[in-house]
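Undergrad: The following comprises the amino acid sequence and a computationally predicted model.
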Amino acid sequence: MATISCEGKSCVGSHGESLFECADVLTIQLPSSCGRKGTCHECIVEVAEGQNALNSRTPAEFFLRDQSRLACQAKIENSKIGIRFAPFRRHSKILTANQERSLQPDPQVTRRGDEVYYGQEPIDRYRGHLYGVAMDLGTTTVVCDLVDLETGSSLCLSSFDNPQRFGGSDIMNRISYDGGRFHGELHKAIIHALNHEIREICQKMGVNREEVYEIVVAGNSTMRDLFFDIDVQSIGQKPYKSVIELEMLAGKRHGTVLVEKAAKLGIQIHSKARIYGMPLIASHVGADTVADLIAMDMDSQQDVVMVVDVGTNTEVVVGHAGRMLIASCPAGPAFEGGAVKFGMPGCDGAIESFSWKDREFTYQTIGGAAPQGICGSGLIDLLAQLRRHGLMTPKGVFADKKYILDIVPEYGITFSREDASYLAQAKAANYCGQYILMREFGVNPADIQTLYLAGGFANYIDVANAIEIGFLAPVPQERIVKIGNASVQGAREILLSKSRRDSIQELFKHIAHIELETTPDFFELFVEGCQFKPMPNEIVSLAVPGREG
C-alpha cells in the first residue's frame with residue numbers, strides 16, 4: 001500500500017488505483033468531462049514525488065511532459081513508494097479590462113445618517129464605507145469588480161478560473177453533472193471560490209467584508225441558476241428554459257430577476273447584504289447578454305449593430321433600440337481548450353498567434369513560455385494561414401491528403417483532420433447565429449454599422465483572420481470594435497444605478513429570441529458554416545417585404 005499525498009491530505013493507495021480515484025478519497029475535486037477516459041485532457045496533475053511508482057504514460061498522455069500526468073491515466077504500480085501530486089494550476093490570460101464609464105452613483109444601497117439601507121429597509125449601521133461587487137460569472141472564468149457605492153469608483157478588478165470545470169467544460173456537461181449523485185457540488189464550488197476571492201480582495205484593499213452590501217451577478221442561464229442553487233435540469237432539455245423563466249411564463253412571477261440574502265447562500269459579506277441575479281432573456285440567453293446590452297447602451301442605438309459575445313456558448317444580437325433579435329449559439333469548447341488534441345485555454349505556454357514564413361510556422365506564446373498547446377486566437381490564426389497558403393481546402397482537407405500536420409515539430413505539436421473537424425463545427429455554430437439573425441432582420445454584413453466583439457477570447461483574435469475563415473461576418477473592419485469585458489461593465493452599471501436597473505424591463509420589450517435550430521434550413525446553413533471560407537456578403541435583399549432594417 002502506497003502513501004498518496006495531495007494538498008496536505010494523505011491516504012493509502014492500492015496497486016492499480018488511479019490518482020483520480022485517490023483524489024476522490026482525499027475529496028480533491030479534479031476537472032473532467034470525458035468520464036475519466038483520458039480524452040478531455042482536463043485532469044492534469046503534477047507529480048512532485050513518486051513518478052517511478054506509476055505506470056508509464058498512456059497514449060492519451062502523449063502531449064504531457066516533465067512531471068505532468070492525467071490523473072485518470074496515472075495508476076499505482078509500485079505500492080512501496082510514496083506519491084505526492086497536485087492539481088495543475090493554470091495561470092489564465094483572463095481579460096479584466098473594460099470600457100469603464102463614469103456614472104453618477106444612484107445605488108440600491110444608500111446611507112441615511114448613521115443607517116445603511118437596502119432600498120427602504122435598514123440593514124446596518126454606517127461603518128464608514130458602502131461597497132458592492134459586480135461579477136461576471138463565466139463558464140470558464142469569473143471576473144469580480146469591487147466598487148465604492150458612494151463614489152462610483154472601481155477599486156479592484158480581479159479574476160479567477162471557474163472551479164466548476166470538474167463538472168465539465170461546457171454547460172450541458174455541468175447540467176448533467178448537477179443532475180446526478182453529486183448534485184449541489186457545483187454550487188458549493190463557486191460559492192467557496194467567491195468567498196476566497198472576496199477575502200483576498202478585501203485583504204489587499206484594506207476593506208472590511210462587512211461593508212460589502214450587494215453583489216450583482218451576470219452569467220448565462222445555467223451559471224446564474226447554479227450560483228443561486230436552483231435546479232438547472234430544465235435548461236438541458238426542451239424547451240431549454242430555466243425553472244425561473246418557466247415560472248414567469250406561467251404567471252407565477254413578474255420577471256426572472258433573482259434576489260437573495262448573502263447569508264442564505266453562504267456568501268461571507270454582510271449577513272443582510274443582497275445578491276442580485278440579473279434577469280434572463282430566454283432559454284440559454286442569460287444575464288450576461290443583458291449586461292452586454294447595458295454596457296453598450298443598446299437602448300440608445302439608432303443604427304443597426306451586431307454584438308457577438310464569443311465563448312463556449314456564444315451570444316449574438318442584431319438590431320437597434322427599437323428592435324433586437326437575439327440567439328444563443330452552442331459552440332462548445334473547441335476554441336477554448338477542449339476536443340482539439342493540442343488545444344488549451346489561454347494560459348502561459350499557449351500559442352496565441354501564428355504566421356507563415358519560409359515554408360514554416362512562426363508563433364508567439366502567452367508569457368513567452370515554451371509552447372504547450374494552442375489557444376483559441378492561435379487556432380483562428382492557424383486555420384487562416386492554412387487556407388491562405390493552400391495547405392488546407394475549405395472543407396478541412398490537407399494538402400497531399402495528409403491526416404496530420406506538424407505545426408511545431410520541435411515540441412511535437414501537431415494538427416489533425418479530426419481537430420479541424422471539431423473547430424469547423426464550433427465555427428459553424430457562430431456562423432449560423434450571425435447569418436440567421438442578419439437574414440431575419442433583413443440586413444447584409446455591410447449594413448451593420450458597428451460589430452461589437454465582447455469577452456476575453458474575442459479581445460485577442462485577429463479580426464481579418466476570423467473573417468477569412470467565416471468565424472465572423474464580413475463587416476468592414478473599421479466598424480469592428482472590441483469592447484472588452486462588457487458583461488462585468490454592465491453588472492457594474494446595474495450595481496451603481498437604480499435607473500439603469502429599472503430600464504432593463506423597457507429594453508426587454510424590444511427583444512425577440514430566435515431559436516436557431518427551429519430555422520427550416522438550419523442544417524443546410526450549419527453544413528455551409530463548417531467550411532473554412534468567408535461568409536457571403538449578400539445574405540438577403542434589403543427589399544424583402546415585411547422586413548425592417
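TA: Structure received.
Undergrad: you'd agree L149 is up against Y213?
TA: Yes. Proximity of L149 to Y213 meets the contact threshold set by C-beta atoms under 8 Å, at 7.3 Å. Any C-beta I mention is one placed from the backbone N, CA and C, and that applies to glycine too.
Undergrad: okay, and the common contacts of the two?
TA: Taking C-beta atoms under 8 Å, 6 or more residues apart in numbering as the contact rule, the neighbours common to L149 and Y213 are 109, 130-132.
Undergrad: Which of those sits closest to F227?
TA: Each of these was checked against F227 using C-beta to C-beta; the closest is G132, at 16.4 Å.
Undergrad: between the shared contacts of L149 and Y213, which is closest to E200?
TA: Where the shared contacts of L149 and Y213 are concerned, and distances follow C-beta to C-beta, E200 has its nearest neighbour in Y131, at 14.7 Å.
Undergrad: who does the closest one bridge with?
TA: D148, V212 (DSSP bridges).
Undergrad: Which residues are in contact with it?
TA: Residues touching Y131, when contacts are defined by C-beta under 8 Å, 6+ apart, comprise 146-149, 155, 207, 211-213.
Undergrad: Just the buried residues from these, in ChimeraX please.
TA: What follows is the ChimeraX syntax selecting those of the contacts of Y131 that are buried according to 16 or more other C-beta atoms under 10 Å:
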select :146,147,148,149,207,211,212,213
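Undergrad: can you redo the contacts of Y131 as a markdown table with pLDDT and distance to Q233?
TA: Conversion of the contacts of Y131 to a markdown table gives the following (pLDDT from 0 to 100; distance: C-beta to C-beta, whole Å):
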| residue | pLDDT | distance to Q233 |
| --- | --- | --- |
| L146 | 97 | 34 |
| V147 | 96 | 34 |
| D148 | 96 | 39 |
| L149 | 97 | 36 |
| L155 | 94 | 38 |
| V207 | 95 | 38 |
| E211 | 97 | 38 |
| V212 | 98 | 32 |
| Y213 | 98 | 33 |
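Undergrad: how's the chain carved up into domains?
TA: 2-87, 109-290, 291-332+423-529, 341-420 (automatic domain parsing).
Undergrad: how long is the last one end to end?
TA: So the one you mean is domain 341-420. Domain 341-420 has its terminal residues 10 Å apart, counting by C-alpha to C-alpha, to the nearest Å.
Undergrad: for the third one, same thing?
TA: Taking C-alpha to C-alpha, the span from the opening residue of domain 291-332+423-529 to its closing residue is 28 Å.
Undergrad: still on that earlier bit, pick out the most distant pair among the contacts of Y131.
TA: L155 and Y213 (14.3 Å).
Undergrad: Now distance to L103 too, for the domains of the chain, in TSV please.
TA: What follows is the domains of the chain, written out as TSV (distance: least, C-beta to C-beta, whole Å):
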stretch	distance to L103
domain 2-87	37
domain 109-290	5
domain 291-332+423-529	5
domain 341-420	30
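Undergrad: Quick check: which of those domains is nearest to E538?
TA: Each of those was checked against E538 via C-beta to C-beta, and the shortest separation belongs to domain 291-332+423-529, namely 5.9 Å.
Undergrad: quick one, helices of the protein?
TA: Remark: helices of the chain, listed N- to C-terminal, are 19-25, 171-178, 185-205, 221-227, 243-249, 262-265, 287-295, 376-388, 417-441, 456-460, 463-468, 486-496, 498-508, 522-529; assignment by DSSP state H.
Undergrad: got a pLDDT number for I480?
TA: At I480, the predicted lDDT confidence score is 96.
Undergrad: Tell me the confidence at the closest residue to it other than its chain neighbours?
TA: In space, I480 comes closest to L451 once its chain neighbours are excluded; the distance is 4.7 Å by C-beta to C-beta, 6 or more residues apart in numbering. For L451, the model assigns a pLDDT of 96.
Undergrad: give the contact list for L451.
TA: By C-beta under 8 Å, 6+ apart, the residues touching L451 are 305-308, 472-473, 475, 479-481.
Undergrad: cool, L423 as well?
TA: Contacts were defined as C-beta under 8 Å, 6+ apart; by that measure L423 touches 334-335, 340, 379, 383.
Undergrad: One more: S487?
TA: The contact partners of S487, by C-beta under 8 Å, 6+ apart, come to 136, 138, 143, 218, 288, 291-292, 295, 309, 454-455.
Undergrad: Kindly recompute the last result at 10 Å.
TA: By C-beta atoms under 10 Å, 6 or more residues apart in numbering, the contact set of S487 is 98, 134-138, 143, 218-220, 278, 286-292, 294-295, 309, 311, 315, 454-455.
Undergrad: Quick check on those: which are buried?
TA: Buried members of the contacts of S487, counted by 16+ other C-beta under 10 Å: 98, 134-138, 143, 218-220, 278, 286-292, 294-295, 309, 311, 315, 454-455.
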